[in-house]
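In: I would like the atomic coordinates for the input below:
(one chain, ligands or ions: 2)
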Amino acid sequence: MKVSIIGSGYVGSVSAACFAELGHEVICIDIDERKVQMINDGIPPIWEEGLGDLMRKHAEKNLIATSDYDYAVQNSDVSFICVGTPSNEHGNIDLSIVGHACKSLGMAMAKKDGFHIVVVKSTVVPETTEEIVLPLLEEHSGKVAGKDFGVAMNPEFLREGKAVYDFMNPDKIVVGSIDERTGALVAELYRDLDCEVTRTTPRTAEMIKYVNNSFLATKISFSNEIGNICKRLGIDTYEVMKAVGADFRISEYFLNSGAGFGGSCFPKDVRALIGKSKEIDYYPSLLESVIEVNELQPLQMLELLEKHAGNVKGKRVAVLGLAFKNQTDDIRESRSIPVIRRLLELGADVAVYDPMAADNMKELIENIKYCDSAAEALKGAVACLVMTEWDEFRKLGPEFEAMKNKVVIDGRKMIDPENLEEDIVYEGLCW
Ligand SMILES: NC(=O)C1=CN([C@@H]2O[C@H](COP(=O)(O)OP(=O)(O)OC[C@H]3O[C@@H](n4cnc5c(N)ncnc54)[C@H](O)[C@@H]3O)[C@@H](O)[C@H]2O)C=CC1
Ligand SMILES: O=C(O)[C@H]1O[C@H](OP(=O)(O)OP(=O)(O)OC[C@H]2O[C@@H](n3ccc(=O)[nH]c3=O)[C@H](O)[C@@H]2O)[C@H](O)[C@@H](O)[C@@H]1O
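Out: Numbers count the residues shown, from 1 in each chain. Ligands and ions are numbered 1, 2, ... in the order given. Next up is the predicted model:
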């Protein structure tokens, strides 16, 4: 089929490359000309394992990019909306980017003959597809949904760092549509993937995405709360969760306690669901607690720092890990951000290292020292905070010897204290 993808970020560029790999003809649309050029040159606009290979393979063949909505709509049967849905200043969903995309799409659809399908892939709160996207498309195209064009909601469940793998090996595909014909056509796009398609209504599809993310975030905050209790009782929470996770009803996944969850989605999506609940007069106290536990978690790293290193004014503190998790250059809502900001308020001389995310952090925080290795960041430091679960941190050992005061505070259970020299003070956040 001929597919256009609006927005070439993490979801859009991965979906585009994977749909091309599945044999569809794909046109990416982005307002960022730099990204358009990169895709046409076969260069992925974001880092994702395997994405470069797919883009190089399909660029200028069945994968092209443009900033011209008219061209993209004329030359495709289905348009996926994959633009960002950030939080506004109150934590509620900000649908302004979706609104702009719908306006441009609707205007392009006005000039096209024949049935076109619009699929919302961006994460949007329940009712958005039917009550905001659909009316905007009708308004700007002058056409009638269900008759002249189809509307569907197809949430995305990929994880950053494993995005290409997840897209090609989904454990679920959900398609919510306003009519049978549209839902069947969207499901058809995925026919070569080994996964059943769950067909439903747009609002159910929207809710499935929020419940999925909120449940995973709840598992993490639950594990962090248990971890905090375990810590105070001298119990290793990882040992506890290993046994608890063996219960198939619970599962072993997403029970790793530590510095909390970051990323572009868990924090914003839980907040957006809280906002939507309040809008319909329900106070979601459990979801509020999920966010509260998550916000307090990185600050506990600083309490441990104070316990072991005292006043850090004018002293070097090493922060290992800037990305919100391993295998990505994404720093959105990374737990390192509140930690670094607080260290700067305390007057510390902050030295940081991340194998992939330093360039992105440089755009957000300038007055810290960016190092090329963990060893460089640790040199002369009075303490080290491990913030991201990068595998390479597991191998650290002799590098800690270059510290001035050997204190290691581990927010991700990356360092095995058994491998450390005796003069190193090691403290895990929840174990
Ligand atoms: N990042 C992730 O791992 C996942 C994200 N999602 C959801 O997918 C959506 C997109 O997220 P990301 O890909 O992370 O966002 P992103 O911010 O990386 O990418 C959005 C892209 O849209 C482009 N854009 C903005 N306005 C536009 C317009 N009017 N027309 C065309 N392009 C426009 C931007 O230039 C950018 O390239 C969000 O709703 C997010 O919650 C869902 C699952 C996973
Ligand atoms: O909607 C989204 O954007 C995506 O959000 C998450 O994917 P992602 O944010 O890429 O990363 P995860 O691997 O889920 O990790 C999120 C955060 O939770 C933290 N985490 C994860 C697992 C765990 O046990 N403990 C824990 O603290 C990680 O360090 C990271 O900061 C979901 O896993 C995806 O299914 C979803 O599509």
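
In: could you use CA atoms for every contact and neighbour count after this?
Out: Fine.

In: how about the residues of the stretch 101-250 of the chain by ligand 1?
Out: Residues of the stretch 101-250 of the chain lying near ligand 1 by Cα under 6 Å from any ligand atom: 101, 122, 123, 156, 157, 158, 159, 160.

In: the third one looks like it's in a helix, true?
Out: No: under DSSP: H, G, I helix; E, B strand; the rest coil, residue 123 falls outside any helix and is assigned coil.

In: who's in contact with it?
Out: Applying Cα atoms under 8 Å, 6 or more residues apart in numbering to residue 123 gives the contacts 85, 155, 156, 206, 209, 210, 269.

In: now secondary structure and neighbour count too, for those, in CSV please.
Out: Converted to CSV, the contacts of residue 123 look like this (DSSP: H, G, I helix; E, B strand; the rest coil; neighbours: other Cα atoms under 10 Å):
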residue, secondary structure, neighbour count
85, coil, 22
155, coil, 25
156, coil, 20
206, helix, 26
209, helix, 21
210, helix, 23
269, helix, 26
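
In: and the pLDDT for residue 328?
Out: Residue 328 carries a pLDDT score of 89 in this model.

In: sec struct for the residue nearest to residue 346 when sequence neighbours are not counted, please.
Out: Computed as Cα to Cα, 6 or more residues apart in numbering, the closest residue to residue 346 that is not its neighbour in sequence is residue 313, at 5.8 Å. Under three-state DSSP, residue 313 falls in the coil class.

In: quick one: residue 313 and residue 345 touch, right?
Out: No: the pair formed by residue 313 and residue 345 falls short of the contact definition of Cα atoms under 8 Å, at 9.0 Å.

In: tell me which of the two has more neighbours.
Out: residue 313 (14 against 10; other Cα atoms under 10 Å).

In: for that one, give me its contacts.
Out: Contacts of residue 313 (Cα under 8 Å, 6+ apart): 346, 347, 348, 349.

In: you'd agree residue 324 is up against residue 354?
Out: No: in terms of Cα under 8 Å, residue 324 does not count as a neighbour of residue 354; the distance is 10.6 Å.

In: just the pLDDT for the closest residue in space to residue 420 that isn't next to it in sequence.
Out: Excluding the flanking residues, the one nearest residue 420 by Cα to Cα, 6+ apart is residue 397, at 5.8 Å. Turning to residue 397, the model gives it a pLDDT of 93.

In: number the chain from 27, please
Out: Sure, I'll start numbering at 27, so the last one becomes residue 423.

In: ramachandran coordinates for residue 423?
Out: For residue 423, the backbone dihedrals are phi -170, psi -80 (criterion: degrees, to the nearest 10).

In: what about it, neighbour count?
Out: Neighbours of residue 423 under the rule other Cα under 10 Å: 16.

In: just checking, it touches residue 443?
Out: No: Residue 423 is not in contact with residue 443 according to Cα under 8 Å; the separation is 9.2 Å.
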